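Asker: here you go, sequence then predicted model.
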Amino acid sequence: MAPPSPTFKVAAVQAAPVAFDLDASICKLEGLTKRASKEGADLVVFPEGFLSAYPWRYAFDATIGAREPRGREWYSRYHQSAIAIPSSEFDVVCAIARDSNVLLSIGIVEKERDTLYCTTILLSRKGDLLSAHRKLIPTAAERLVWGRGAGDGLQVVETDIGRVGGLICWENYMPAARLALYQQGIEVYIAPNADDLPSWVASMQHIAKEGRCFVISVNQFTRVADFPSDYPPFTAGHHDRQPDGKAWTPDAILSRGGSCIVGPLGTFAASPVWDQEAIVYADLKKDDLVQARMDFDAVGSYSRPDIFTLTVNKKPGTNVYFTE
């Protein structure tokens, strides 16, 4: 591998998939990736659950002690729109990275047999899978439909722009998980998420300054119209309402975005973008990392291994092993 470039360009794609439609979402992924590539992006990053749905405001008709048939039917539809590794659909996604000559990070809903995982993948410029990280702890009602990841997904990989890794959404609030990435020398920290609160942006600035790394925070800009017309939370007569109490309309916003790119001193390389589909770009300089670590390095000059230790179990999440 060639030495990392002293400068590189990143793109955070703030867009929504065609929810519950994998083929259409892959088509949208291709178009947006090509657009970012033409603008000179070396790394293109998509949000959590882009292939092919973050199931906004729906717990698949599950309540404590009861599950309804409609919810099981929609879970099946969700499973059908997920993507397996490997699969023919995954081959198409790999070809998108190769054809566009970019490093490509995508938040996917991954299916392994009948279990779904919230996963982020990183593909090389040649379309090879460099890493796959499953969300360690799905948040709140996400736990109903997504399994839990394992320590083997806490990966930082060497690329031609530097050492790349990251965590998904509220995993970023797990200090031990962050430290595991810092210890691996992370330089480009990818944070696909589904959090459009201002406090999330503050967290991204904190992580960039704490880890002395570049942070790419990318969220969907999503409207009701991005979902099927019969998606239960937004159909007539459903109890769910907008925060102001009104019924949902096709133009109603589910996620405002807020995607941004932060430098290693916690300042914005690209400020948050709200309430629109957009590709957020930033030109980054590797030397900024060295300069930022002059006075603070979480696992170097500012570490105290004589006092603090962290053990990370990187064993895959497999509980049955067959031996001859």
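Answerer: Arrived safely. Just so it is clear, the structure is predicted and the values come from calculations on it, not from any experiment.
Asker: now stretch 165-184: how far from the chain's centre is it?
Answerer: 13 Å (CA atoms, centre = their mean, to the nearest Å).
Asker: quick check: bridge partners of the residue nearest in space to the middle of the chain?
Answerer: In the chain, the C-alpha nearest the mean C-alpha coordinate belongs to residue 192, at 2.7 Å (CA atoms, centre = their mean). Judged by DSSP bridges, the bridge partners of residue 192 are residue 218.
Asker: flag the shaky bits of the stretch 151-300 of the chain, pLDDT-wise.
Answerer: 236-238 (pLDDT under 70).
Asker: all strands of it, in order?
Answerer: For the stretch 151-300 of the chain, the strands defined by DSSP state E, counting those that start in this stretch cover 157-159, 162-166, 188-193, 214-219, 221-223, 253-262, 268-274, 278-285.
Asker: which secondary structure elements does the third one contact?
Answerer: In this structure, strand 188-193 makes packing contacts with strand 43-45, strand 103-112, strand 115-123, strand 162-166, helix 198-211, strand 214-219, judged by 3 or more CB pairs under 8 Å, 6 or more residues apart in numbering; DSSP states H and E. (Glycine included, C-beta is placed from N, CA and C.)
Asker: next one: it to chain centre, how far?
Answerer: 6 Å.
Asker: now it against strand 214-219, angle please.
Answerer: Interaxial angle, strand 188-193 versus strand 214-219 (axes from the mean of the first three to the mean of the last three CA atoms, to 10 degrees): 20 degrees.
Asker: ok, back up a step: between the strands of the stretch 151-300 of the chain, which gets nearest to residue 108?
Answerer: Among the strands of the stretch 151-300 of the chain, the nearest to residue 108 by CB to CB is strand 188-193 (9.7 Å).
Asker: may I have the phi/psi pair for residue 16?
Answerer: Per-residue torsions, residue 16: phi -110, psi 150 (degrees, to the nearest 10).
Asker: now do the contacts for it.
Answerer: Residue 16 makes contact with 220, 221, 222, 223, 226, 255, 277, according to CB atoms under 8 Å, 6 or more residues apart in numbering.
Asker: was I right to think the third one contacts residue 250?
Answerer: No. Applying CB atoms under 8 Å as the test, residue 222 and residue 250 come out as separate, 11.9 Å apart.
Asker: the two: which is more packed in?
Answerer: residue 222 (27 against 11; other CB atoms under 10 Å).
Asker: where's the more buried one relative to residue 296, distance?
Answerer: According to CB to CB, to the nearest Å, residue 222 stands 36 Å off from residue 296.
Asker: could you do residue 168 as well?
Answerer: Residue 168 is 26 Å from residue 296, by CB to CB.
Asker: and the pLDDT at the closest residue to residue 228 other than its chain neighbours?
Answerer: Nearest residue to residue 228 in three dimensions, chain neighbours excluded: residue 20, at 5.6 Å (CB to CB, 6 or more residues apart in numbering). At residue 20, the predicted lDDT confidence score is 98.
Asker: shaky segments in the stretch 1-150 of the chain?
Answerer: Those would be 1-4, if you go by pLDDT under 70 across the stretch 1-150 of the chain.
Asker: kindly recompute the last result at 90.
Answerer: Low-confidence segments of the stretch 1-150 of the chain (pLDDT under 90): 1-5.
Asker: now for residue 301: which residues touch it?
Answerer: Contacts of residue 301 (CB under 8 Å, 6+ apart): 293, 295.
Asker: quick check: it is in a helix.
Answerer: No. Judged by DSSP: H, G, I helix; E, B strand; the rest coil, residue 301 forms no part of a helix; its state is coil.
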